[in-house]
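K.L.:
quick one: sequence plus predicted model below, questions after.
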Amino acid sequence: MGVSIDRREITVILTILRRDRLSIFGIAVAAAFIATSTAVVILGSKLVPYDPTQVNMMLAFQAPSFQHLFGTDNLGRDIFSRCVIAAPIDAQIGFSIVGISVLIGTVLGSFSGYIGGKVDETFMRITDVFISVPTLVLAVVVAVALGPGVEHVIEANLVGWWPVYARLARAGALSLKESQFIEAAKVAGISRHKIILKHVLPNNISPILVYATLDIGNAILYASVLSYLGLGAQPPQAEWGRMVYDGQVYLVNAWWISIIPGVVIFAVALAFNLLGDALRDAFDPRYRK
Amino acid sequence: MTHPVLEVHDLSVVFETFEGRYSALNSIDVTINESEVMGLVGESGCGKSTLALAVMGLLPRPHAKVPSGSITFRGKNLLSYTEKEMEQVRGTDISMIFQEPLTSLDPLFTIGDQLSETIQIKLQRAGGNAGWNSGKVKAEVVNWMKRVGLADPESAIERYPHEFSGGMRQRVMIAMALAAEPQLMLADEPTSALDVTTQVQILRLVKSLVSQVRASVLFISHDLAVVAQIADRVAVMYAGIIVEEASVNEIFENPLHPYTQALLSSFPKEKSIKKSRLEIIRGSVPNLTHIPPGCPFHPRCQLMKEGCSMARPELREISPGHKIACDRP
Amino acid sequence: MSNTGLLRLEGIVTHFPAKGAMFYSESGALVTGTIIHAVDGVDLSLDRNTTLGIVGESGCGKTTLAKTILLLIKPTSGRLYFEGREITNLSYADLAKIRPNLQMIFQDPFSSLDPRMRAKDIIAEPLTVVTNDREKVKKRVLEVFEQVGLTADQLNRFPNEFSGGQRQRISIARALATKPKLVILDEPTSALDASIQAQILNLLLDIQEQYKVSYLFISHNVSVVRHMSDRIAVMYLGKVVEEGPVEDLMSKPKHPYTSALISSIPKPNPKARREMAEIRGETPSPINPPSGCRYHTRCPFATKLCSDKEPQLQELESAHLVACHYPLNA
């Protein structure tokens, strides 16, 4: 439990990550995704070859070519530009959902697991309720209730997302509770909440970090599904899930309008999954031997 | 006339890990004779367990490489065996017992079932297919349970490993290891996890059974005192090499290598003045990725001289049956 | 027995509910029951600047006893006195005030240090309960770090950068930072190589000389305990069966279990093989301790009295107590 991060450790992790082709793919795509999103936020439309909102019926339904890498859609908008512009939205959604869930879940779960007793029991029942409802259904219901918009997508997903981290953190805290170094802290007279903050939380992070990385891919996927269903980003704002939906009608004649954004979603989600997998292996002491 | 059962010659084993390459065994020579208990002693990381794994063909591939050496058993080099051939050898000609029996006993099978497997193979080999039936096997199983001192063997064989205490499980392991009447048994710290009082029982048991079955034993331990109770000959290891090898009496009465001497004197003694300071060996066991050049013990050795860091001393016979690897005895 | 002692235990009993616990009876069969009688009535006392060794094998309750003394576990009944004051029922917060004087060194050098904290922070932690003065803390950390034989440049390192012996030194430094009056050591060298063990034991003796600290030294390794202690208490199945000055107890043990335990110690002398006595059977389970004298099921001298009536600890010679109806060497 708990691998300390120091220079030597980082070198070992990087070496492991370098070895596996799949993980290299994962890192590359994930990095590209993050870089693109950041770039778009800073530079805006200047980054892309075409104005993503520019309608031009003359250029509609162009197949992918050198001028339009991903082709154009039914309104003549360059799909490549739209995909790029849409990147930060999913980045924001993915990282927000996972980030906030990690925060809430880890803190609550660690406390609950360490303190135990009635507090823990009550907390477990609460998380049980949330976990037993399928996350997607829950997200859809909440999103419909809240109405469209990116923030609402994040909030809708958060509801079902944090309990998993709470459970993970709780499990970690339960096993850490028995460690000798925690006993040593008790013997030193350190107060309970200080023990949780200084000893339990930092040591609980590794497994959660790994899971969180994997999870970003899922969060992006869920966000896309919600957008596909019409909740989330609204036109004319470009968003991958929405683009998949909009292009469905033209699937037979102009497959690229729907399929290409779909592939992008898939690739990014997969990248984070692979990255998370590779990180899990990297942290596994048996794998390293 | 003593015939060698196992001859290890010039064996080197190297591990490649993410943290670097390290040399677990460096040109080891050791021989075990018939009906002999050879004690292999050393501190953590000295390579003793690696040697046992190498003999059993259980080195973790692909990390472990064997750049040189041979392990001769019954005239053949075990290193040249295929995995299938090794499977034939393991458990029947060469068996092994470990420190923690829980990990080597399958929790899903009764101990009777697990022992039957070994006995079946033995009976098959002895009398061909006609020589055994399940009744005979069961009788042998119960017999062995009695021999290792398990109370109420008939019902014991129906139970699962987790239902037994550490000492009991160790007895079961010993039964499994000796039921096939192997020529060689490897024992890797078999009593280290047991209470002292249980340890006495187990050591006595091993000693008597082993001589009944006429097996040789490689008894690995970090505890010199335990080895003193059971071994005929002792080899002392340090950082991948053997530094001294002699009969058990010689090692304790007349240790010649500085490391062996230091090891013996760092034990709290019966007659020592209470609360007196123990003699220590300064420094600590080297990290195997950075073994000191020349004699690996030289940085901690009281007798160290210039030449010690240059050439690794060979294991030489100083008096009949007593070998040491030191240029400055 | 002294009444002005540093630590006193009166009738300490620590029981656990045995839900799902598995123990083994004499014949090796599985036993399930309702209560684990881990510590079943222990009286002990410890003076300043002495070492009391506690020996026993698995199931004897010595580790539970250590945790009970530190109040990591609350005793089921009995009283605990530290420096004359009863601490049995103190709250977590009140206990924190005593902690600086009552410290512990754990067995496993690999899990007793927080892998995410630097050595200097690990050692500073107990000091933060006592003072807020950062300079003072820094000074003391450096002082005790060097006392245990480590160098200042290692202060910033993480535990995984140290060897087992060095980690145990950090553990020792941590325990000593607050200049405690009593340190409980639970198998402090069992996980270390023989050559390192000697270094650590010497260090512990040096420290005791310098700080005049008392040790409660717990181990299954009788030779080590004998070497370090002034007095020894032998535990079996939750009770103290014999207690006395170390030389007397080791050379003329009065309890048959003590005698068997001592003769089971392997000596580094091949010619002494025959002398090892062999005790029958295995330690019974703490869930169902035998009636009367708990050792009677394995004792070669047991009579009906032994299975009927439990012997109490009696002082046979000055400061040498034994709980046996037929003590040896009496």
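P.N.:
Right, received. Where do you want to start?
K.L.:
surely residue B:234 is in a helix?
P.N.:
No. Per DSSP: H, G, I helix; E, B strand; the rest coil, residue B:234 lies outside any helix segment and is strand.
K.L.:
wait, doesn't it sit right on residue B:38?
P.N.:
Yes. If you go by CB atoms under 8 Å, residue B:234 and residue B:38 touch, sitting 7.4 Å apart. Where C-beta positions appear, they are placed from N, C-alpha and C, glycine not excepted.
K.L.:
more neighbours, those two?
P.N.:
Set residue B:234 next to residue B:38 and count neighbours by other CB atoms under 10 Å in any protein chain shown: residue B:234 wins out with 27 against 24.
K.L.:
show me where chain C has strands.
P.N.:
Secondary structure of chain C by DSSP state E: the strands cover C:7-17, C:23-24, C:30-31, C:35-46, C:51-55, C:77-82, C:85-86, C:102-105, C:182-186, C:214-219, C:231-236, C:239-245, C:314-317, C:320-322.
K.L.:
next: chain B.
P.N.:
B:4-17, B:20-33, B:37-41, B:64-73, B:76-77, B:94-97, B:184-188, B:216-221, B:233-238, B:241-247, B:316-319, B:322-324.
K.L.:
what's the closest of these to chain A?
P.N.:
Closest to chain A of those, according to CB to the nearest CB: strand B:4-17, at 6.2 Å.
K.L.:
pairing partners for the closest one, with directions?
P.N.:
Its sheet considered, strand B:4-17 pairs with strand B:20-33 (antiparallel), strand B:64-73 (antiparallel) by DSSP bridges.
K.L.:
what does it contact?
P.N.:
With contact meaning CB atoms under 8 Å, 6 or more residues apart in numbering or on different chains, strand B:4-17 is reached by A:288-289, B:21-34, B:36, B:47, B:50-51, B:54-55, B:59, B:62-74, B:183-184, B:216, B:218.
K.L.:
again, only this time at 6 Å
P.N.:
Residues from elsewhere that reach strand B:4-17 (CB atoms under 6 Å, 6 or more residues apart in numbering or on different chains): B:22-34, B:50, B:54, B:63-73, B:183-184, B:216.
K.L.:
rewinding a little: mean pLDDT for the strands of chain C: which is lowest?
P.N.:
Comparing mean pLDDT across those, the weakest is strand C:23-24, with a mean of 62.
K.L.:
distance of the most centrally placed residue in chain C from chain B?
P.N.:
Centroid check for chain C by CA atoms, centre = their mean gives residue C:218 as the closest residue, at 2.5 Å. Distance, residue C:218 to chain B, by CB to the nearest CB, to the nearest Å: 15 Å.
K.L.:
bridging residues for that residue?
P.N.:
Beta-bridge partners for residue C:218, by DSSP bridges, are residue C:54, residue C:186.
K.L.:
so what's it up against?
P.N.:
Taking CB under 6 Å, 6+ apart, we find residue C:218 in contact with C:54, C:62, C:66, C:186.
K.L.:
got a markdown table for the strands of chain C, with distance to residue C:70 too?
P.N.:
Shown next, in a markdown table, are those (distance: least, CB to CB, whole Å):
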| stretch | distance to residue C:70 |
| --- | --- |
| strand C:7-17 | 11 |
| strand C:23-24 | 25 |
| strand C:30-31 | 29 |
| strand C:35-46 | 13 |
| strand C:51-55 | 14 |
| strand C:77-82 | 10 |
| strand C:85-86 | 15 |
| strand C:102-105 | 6 |
| strand C:182-186 | 6 |
| strand C:214-219 | 10 |
| strand C:231-236 | 17 |
| strand C:239-245 | 18 |
| strand C:314-317 | 28 |
| strand C:320-322 | 24 |
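K.L.:
so which of the ones you listed gets nearest residue A:96?
P.N.:
Among the strands of chain C, strand C:102-105 comes nearest to residue A:96, with 44.4 Å by CB to CB.
K.L.:
got the buried residues for the closest one?
P.N.:
When burial is assessed from 16 or more other CB atoms under 10 Å in any protein chain shown, strand C:102-105 yields the following buried residues: C:102-105.
K.L.:
do stretch C:229-248 as well
P.N.:
Neighbour counts over stretch C:229-248 (16+ other CB under 10 Å) mark C:229-246, C:248 as buried.
K.L.:
residue A:148: how many residues sit nearby?
P.N.:
By other CB under 10 Å, 15 other residues sit near residue A:148.
K.L.:
you'd agree it is up against residue A:231?
P.N.:
Yes. Using CB atoms under 6 Å, residue A:148 is in contact with residue A:231, at 5.5 Å.
K.L.:
just to revisit the earlier point, now render the strands of chain B as TSV, adding mean pLDDT.
P.N.:
Formatted as TSV, the strands of chain B follow (pLDDT from 0 to 100):
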stretch	mean pLDDT
strand B:4-17	90
strand B:20-33	89
strand B:37-41	94
strand B:64-73	91
strand B:76-77	90
strand B:94-97	91
strand B:184-188	93
strand B:216-221	94
strand B:233-238	94
strand B:241-247	93
strand B:316-319	87
strand B:322-324	90
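K.L.:
nearest to residue A:208, of the ones you listed?
P.N.:
Nearest of these (CB to CB): strand B:4-17, 26.8 Å.
K.L.:
how far does the closest one sit from its chain's centre?
P.N.:
14 Å (CA atoms, centre = their mean, to the nearest Å).
K.L.:
pull out the C-alpha coordinates of it and format them as PDB.
P.N.:
Listed next in PDB are the C-alpha coordinates belonging to strand B:4-17 (Å, rounded to 0.1, in the frame of the first residue of the first chain):
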ATOM      1  CA  PRO B   4      27.400 -37.000  -4.600                       C
ATOM      2  CA  VAL B   5      23.700 -36.600  -5.100                       C
ATOM      3  CA  LEU B   6      23.900 -33.000  -6.300                       C
ATOM      4  CA  GLU B   7      26.900 -31.200  -7.700                       C
ATOM      5  CA  VAL B   8      26.600 -27.500  -8.400                       C
ATOM      6  CA  HIS B   9      29.600 -26.200 -10.400                       C
ATOM      7  CA  ASP B  10      30.500 -22.700 -11.200                       C
ATOM      8  CA  LEU B  11      26.800 -21.600 -11.000                       C
ATOM      9  CA  SER B  12      26.000 -17.900 -11.600                       C
ATOM     10  CA  VAL B  13      22.600 -16.400 -11.600                       C
ATOM     11  CA  VAL B  14      21.800 -12.800 -12.600                       C
ATOM     12  CA  PHE B  15      18.500 -10.900 -12.300                       C
ATOM     13  CA  GLU B  16      17.400  -8.100 -14.600                       C
ATOM     14  CA  THR B  17      15.000  -5.800 -12.900                       C
END
